[in-house]
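**Q** Starting from these lines, generate the structure:
(6 chains)
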Protein chains: 4
Amino acid sequence: MSDKQAFKPVRTKRAFEEICDQIRREIQSGTLSAGDKLPSERELAEQFEVSRSTVREAFRTLEIGGVLSLQKGVKGGAVVMQGDIKPITQTMEDLLSLGGLSLEDYTEARVILQREIIRLACERGTEEDFAAIEANIAELRAAGAGISSDERTRLTQEFYHLLALATKNRAISVVMSAFTEPLVYYIRKIGPDRSWDVAASRAKFLGHLRERDVDAAIAEMVDHMQRLHSYILSQNAAPGAEA
Amino acid sequence: MSDKQAFKPVRTKRAFEEICDQIRREIQSGTLSAGDKLPSERELAEQFEVSRSTVREAFRTLEIGGVLSLQKGVKGGAVVMQGDIKPITQTMEDLLSLGGLSLEDYTEARVILQREIIRLACERGTEEDFAAIEANIAELRAAGAGISSDERTRLTQEFYHLLALATKNRAISVVMSAFTEPLVYYIRKIGPDRSWDVAASRAKFLGHLRERDVDAAIAEMVDHMQRLHSYILSQNAAPGAEA
Amino acid sequence: MSDKQAFKPVRTKRAFEEICDQIRREIQSGTLSAGDKLPSERELAEQFEVSRSTVREAFRTLEIGGVLSLQKGVKGGAVVMQGDIKPITQTMEDLLSLGGLSLEDYTEARVILQREIIRLACERGTEEDFAAIEANIAELRAAGAGISSDERTRLTQEFYHLLALATKNRAISVVMSAFTEPLVYYIRKIGPDRSWDVAASRAKFLGHLRERDVDAAIAEMVDHMQRLHSYILSQNAAPGAEA
Amino acid sequence: MSDKQAFKPVRTKRAFEEICDQIRREIQSGTLSAGDKLPSERELAEQFEVSRSTVREAFRTLEIGGVLSLQKGVKGGAVVMQGDIKPITQTMEDLLSLGGLSLEDYTEARVILQREIIRLACERGTEEDFAAIEANIAELRAAGAGISSDERTRLTQEFYHLLALATKNRAISVVMSAFTEPLVYYIRKIGPDRSWDVAASRAKFLGHLRERDVDAAIAEMVDHMQRLHSYILSQNAAPGAEA
DNA sequence: GTGGTCTAGACCACT
DNA sequence: GTGGTCTAGACCACT
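**A** Below is the predicted model:
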């Protein structure tokens, strides 16, 4: 036997993982597509020669991953979905709260990403896109100072989402969601920055967008984001320390 | 009662989901941190007043999400992890194969992201980063034309990963992985492009990186990526149609 | 989803089985050969990333299969062997006692196989082979009627083994062993056939062998075997019935 | 004390071996039969006055030997099987790859055995047997030149198995499997012999079989086998040398 | 001895 | 009739 390490670590695959793989393979090969209904749990248990619980464990995994939707009732069953971005957002949140990702890196990446979104939005955004953003800003203004925390975060998430939609690239809006939704937790924790008129800043930004003025739009937005981010970072200097 | 919608849709939260939420809340609040061990399944089942299978279902969900690691044996149990980027990559793959995301949007986003990575890598990359990339290119060259499909894709993934590491921003490298790994399936399916000297292109790119020549580096890389992407897109015009 | 059954039964491979496979693969590829010593259990446990008991379970499996020999002590360890025919014989015994193989089929196959052995032995047997057989017969004669059951079966096994050796084909002698050793249990159970002079029959057979008279040798031997087999079959008409 | 050697070597029988022996004895005596369930690991550990792991080691040994099947779950446990030919095939493979058996002897024995199988198949084969063989040949033909390596070897194994079944003697088909399955590794290694129309040869052979023409059938088959065997032998002149 | 994996089968809610 | 929940008890793996 040579001096080199000849053996690879063994990793026993669990039954439910093997089932997930087989189902995903059918999807990749095109045998199963969005909208198709899988056989019942009981029938699949027979096909896979495992117990119903093992099939359920696989179904659950794929449901969490946004691949399947499990419906109850006599007309129910497991239906193939188009996928769901939820797991991406959830994982970003987990990475942040567990320390697998620093808030610094996260916010820096968010700014970089946002710059590219603005660039594309300036290029491809339609008046419909801008009108939707305008309505969002108007709603924020209408709510006034007494706005609830829930409403404020909802409008903020919507604002960033509408902006991402103007890029006409769904992959980019998916990633932007993953870089915005987890912030909600931090924004809630620190409360609103009352010294700053968010609606006014967004309105100015929208103006630049409509004029297709990339640099001005970026300047306005990045300024706002950096202000928010540094506020969050300063408040989270020692995350979990006070718990 | 106002004219606004006053009631929220009823959604019965399943037992295991409630458990996941409780555990995640403990993590976000800092009560539980990476490295901590949870009580045994049997004990938690009693605390939550559910069966052991329900606790397992929750553990499984968090394990898939990279939040927990389930270890066997007498010193085993459920340990809190730092999070795992796997679910992000997996979800991207699912979105692509299920049609929730078009290959066009995905590849466009990949190029946009790569441009920013190169910008940062030119600015922050150290000689260590470049040496690692050089070694990767050398390995590809050494393998020659007879390289196995597995080895080729491994080296490609590593190349993009090493490049992302030079940005010194983990959030960016996480996202880049999510935009590179799912491509493996497509690259495997279409086979290598033998009319193109990948190693040479990468070597030239590395030269530009070392000279901190952002524009030249971007030009070289984007050229290569667009070539690959259009090849993949042309071969996948009708995904699943031939299955 | 089509009407055809799309999924295959899942079979989870256990950790020790995966280890056995990896070791066997190294042997087939020639990286490991007879006489080589494997790393220590502790080292392999690290390489495979499993516990020592799992490595032991794999070692034990390969030891039973005749692939490894486990030596105790300071110079001990797991050494690769040349293989062992024991598992073949053992499995034949198991198949017979469990009903996976009928005694009728087994004895018929034994006669067919023996005929081919005689044919080859007539063709290739040397005087050394015949002298060894002669000595075996002489020993049986010398023991006389008071021969112990153990001694009698030992000499019978040896006789058939020496004959198989005269074929100069080890594959054939391996198979013949698998068709002779399991008979011991039955012969012991029914006791010797005192109306039949076994030594005389074998001596006559040896004479034909020396004269290279295939047909006469086969006739003499097959006659004897069929007599024995029908006696065994008659006594085992209802196997296990009297238990 | 006689001049003969009076003492036998001491060989400490390991605990798990003693347990295996006891269980096998119960099977041979008919106390335990195929389909019976053994007591649980915990209970047997108490009865044998050993640890649970020792019982597991014995169970494992008998499972590998095809004597027991270990089932999980509430209705699970160790169940007695009818035996399994797998260990015979596996041992043959091991003997070949470890050098305990030469490929020359092995292939010669295979031809000798095959001749006897053809003889019996001509005598006892039914139209059902021949039709099954015909279907196998048709499947090979239908697959054409683009047949996958897996499919090709599966059909070859099936062909020889169906032929062996026509002998109506299970002992013979068991041995033939042991002389065919290990060849798969070598056939895979060397790839298909494209200069030879295997399907045509098999079809001609089947014709002779149907006409009960032993000599013609043997001639056709042995010709094919010898061609294959010499090809394998020439390619494996220095096994493991190039590794 | 601990915890993970899997099983068969029960009852329930839903459609 | 389907998925959702739960249980007791077996083997599997680790220390």
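
**Q** Output the set of residues of chain A in proximity to DNA strand E.
**A** A:14-16, A:45, A:49-54, A:57, A:72-76 (Cβ under 7 Å from any atom of the strand). C-beta here means a position set from N, CA and C on the backbone, and glycine is covered the same way.

**Q** element containing the spatially closest residue to residue A:204 that is not a sequence neighbour, please.
**A** Excluding its sequence neighbours, the residue lying closest to residue A:204 (Cβ to Cβ, 6 or more residues apart in numbering or on different chains) is residue A:220, at 5.4 Å. Using DSSP states H and E, residue A:220 falls within helix A:214-235.

**Q** Can you name every helix or strand that that helix contacts?
**A** Helices and strands touching helix A:214-235, as assessed by 3 or more Cβ pairs under 8 Å, 6 or more residues apart in numbering or on different chains; DSSP states H and E, comprise helix A:103-124, helix A:183-190, helix A:198-210.

**Q** got the domain boundaries for chain A?
**A** The record's domain parsing of chain A by automatic domain parsing lists A:15-80, A:86-235.

**Q** can you tell which of those is closest to residue C:9?
**A** domain A:15-80 (3.7 Å; Cβ to Cβ).

**Q** mean confidence for that closest one?
**A** Domain A:15-80 shows a mean pLDDT of 88.

**Q** where in chain A is pLDDT low?
**A** Within chain A, the segments meeting pLDDT under 70 span A:1-5, A:237-243.

**Q** mind running it again at 50?
**A** A:1-4, A:239-243 (pLDDT under 50).

**Q** Without its sequence neighbours, what residue ends up closest to the residue of it found nearest chain D?
**A** Relative to chain D, the nearest point of chain A is residue A:51 (7.0 Å; Cβ to the nearest Cβ). Spatial nearest neighbour of residue A:51, excluding adjacent residues (Cβ to Cβ, 6+ apart): residue A:45 at 6.1 Å.

**Q** Count the residues that sit near that neighbour.
**A** Applying other Cβ atoms under 10 Å in any protein chain shown, we find 18 other residues in the vicinity of residue A:45.

**Q** From DNA strand F, how far off is it?
**A** Between residue A:45 and DNA strand F the computed distance is 9 Å (Cβ to the nearest atom of the strand, to the nearest Å).

**Q** Run through the residues that contact that residue.
**A** Contact analysis of residue A:45 by Cβ atoms under 8 Å, 6 or more residues apart in numbering or on different chains lists A:51, A:52, A:54, A:55.

**Q** Point me to the helix or strand that includes the last one.
**A** When secondary structure is defined by DSSP H and E, residue A:55 falls within helix A:52-64.

**Q** From the chain's centroid, how far away is that helix?
**A** Its chain's average C-alpha position is 23 Å from that of helix A:52-64, according to Cα atoms, centre = their mean, to the nearest Å.

**Q** List the buried residues of the first helix or strand past that helix going along the chain.
**A** Later in the chain than helix A:52-64, the nearest helix or strand by DSSP H and E is strand A:68-71. For strand A:68-71, a neighbour-count test (16 or more other Cβ atoms under 10 Å in any protein chain shown) marks A:68, A:69, A:70 as buried.

**Q** Same check on stretch A:202-217?
**A** For stretch A:202-217, a neighbour-count test (16+ other Cβ under 10 Å) marks A:202, A:203, A:204, A:205, A:206, A:208, A:209, A:214, A:216, A:217 as buried.

**Q** For the fourth one, which non-adjacent residue is spatially closest?
**A** The one in question is residue A:205. Using Cβ to Cβ, 6+ apart and skipping the chain neighbours, the partner closest in space to residue A:205 is residue A:220 (4.4 Å).

**Q** what residues are up against the one you found?
**A** By Cβ under 8 Å, 6+ apart, the contact set of residue A:220 is A:201, A:204, A:205, A:208.

**Q** Residue numbers of chain A in contact with chain C?
**A** With Cβ under 8 Å from any Cβ of the partner chain as the criterion, chain A meets chain C at residues A:1-2, A:5-15, A:18-19, A:22-23, A:26, A:31-32, A:36-39, A:44, A:47-50.

**Q** quick check, the residue nearest to residue A:51 in a helix?
**A** Yes. Under DSSP: H, G, I helix; E, B strand; the rest coil, residue A:45 sits within a helix.

**Q** Can you give me the separation between it and residue A:64?
**A** According to Cβ to Cβ, to the nearest Å, residue A:45 stands 20 Å off from residue A:64.

**Q** Then residue A:125?
**A** On the measure of Cβ to Cβ, residue A:125 and residue A:64 end up 34 Å apart.

**Q** thinking again about what came up before, how about the domains of chain A in a markdown table, adding distance to residue B:106?
**A** Below are these laid out as a markdown table (distance: least, Cβ to Cβ, whole Å):
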| stretch | distance to residue B:106 |
| --- | --- |
| domain A:15-80 | 15 |
| domain A:86-235 | 5 |
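
**Q** Secondary structure element for the residue of chain A at minimum distance from DNA strand E, which one?
**A** Closest residue of chain A to DNA strand E, Cβ to the nearest atom of the strand: residue A:73 (2.3 Å). Assigned by DSSP H and E, residue A:73 belongs to neither a helix nor a strand.

**Q** Can you report how many residues neighbour it?
**A** If you count neighbours by other Cβ under 10 Å, residue A:73 ends up with 6.

**Q** Let me know the distance separating it from residue C:81.
**A** Taking Cβ to Cβ, one finds residue A:73 at 61 Å from residue C:81.
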